[in-house]
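S.K.: Got a predicted structure plus its sequence, pasted below:
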Amino acid sequence: TSGGHNAGVVSPPGHPHRHFRIARRPVGGLYIGPDDWMERTAPRDGSWWPAWAEWLAGQGGEMVAPPSMGSKRFPARDQAPGRYVLEH
């Protein structure tokens with residue numbers, strides 16, 4: 001990413017002056033070194049976050065709602081901040 005490692009990681013999509021590179025290695029494909037990788041991948045304008053979200057969406061199954069707290073699977077806990085805050 002442009003703008004330094006930390007800036008590229010935390011900058012949201014739409015932040016100006018950012019770019020990234022991305023490539024996919026086929027299953028069973030051989031490792032290529034960083035210099036070869038840089039030669040083979042063109043910079044893309046924008047944030048890497050949307051590309052990563054798209055990749056993640058393709059790896060998972062159907063989206064489901066999270067279970068509600070207080071259910072049998074996730075029993076209710078103390079209200080925040082919790083009793084542990086008061087322990088000495």
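M.R.: Cool, got the structure. Numbering: from 1, shown residues only.
S.K.: what are the ranges of the helices in this structure?
M.R.: Ranges of helices in the chain, per DSSP state H, are 5-10, 34-40, 49-59.
S.K.: Can you tell me which of these is nearest to Leu86?
M.R.: Closest to Leu86 of those is helix 5-10 (CB to CB; 34.1 Å). All C-beta atoms are positioned from the backbone trio N, CA, C, and that covers glycine.
S.K.: Quick check: mean pLDDT of that closest one?
M.R.: Helix 5-10 shows a mean pLDDT of 70.
S.K.: I'd like the distance from the residue most central in space within the chain to Gly14, if you could.
M.R.: In the chain, the residue lying closest to the centroid (CA atoms, centre = their mean) is Trp52, at 6.0 Å. According to CB to CB, to the nearest Å, Trp52 and Gly14 sit 15 Å apart.
S.K.: then stretch 14-24 to PDB, C-alphas only?
M.R.: Extracted in PDB, the C-alpha atoms of stretch 14-24 (Å, rounded to 0.1, in the frame of the first residue of the first chain):
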ATOM      1  CA  GLY A  14     -12.300   6.000  -0.300                       C
ATOM      2  CA  HIS A  15      -9.200   7.500   1.300                       C
ATOM      3  CA  PRO A  16      -7.300   9.400  -1.400                       C
ATOM      4  CA  HIS A  17      -3.800   8.600  -2.600                       C
ATOM      5  CA  ARG A  18      -3.800   4.900  -1.700                       C
ATOM      6  CA  HIS A  19      -3.000   1.900  -3.800                       C
ATOM      7  CA  PHE A  20      -2.300  -1.800  -3.400                       C
ATOM      8  CA  ARG A  21      -1.300  -4.800  -5.300                       C
ATOM      9  CA  ILE A  22      -3.000  -8.200  -5.300                       C
ATOM     10  CA  ALA A  23      -2.500 -11.500  -7.000                       C
ATOM     11  CA  ARG A  24      -3.800 -15.100  -6.600                       C
END
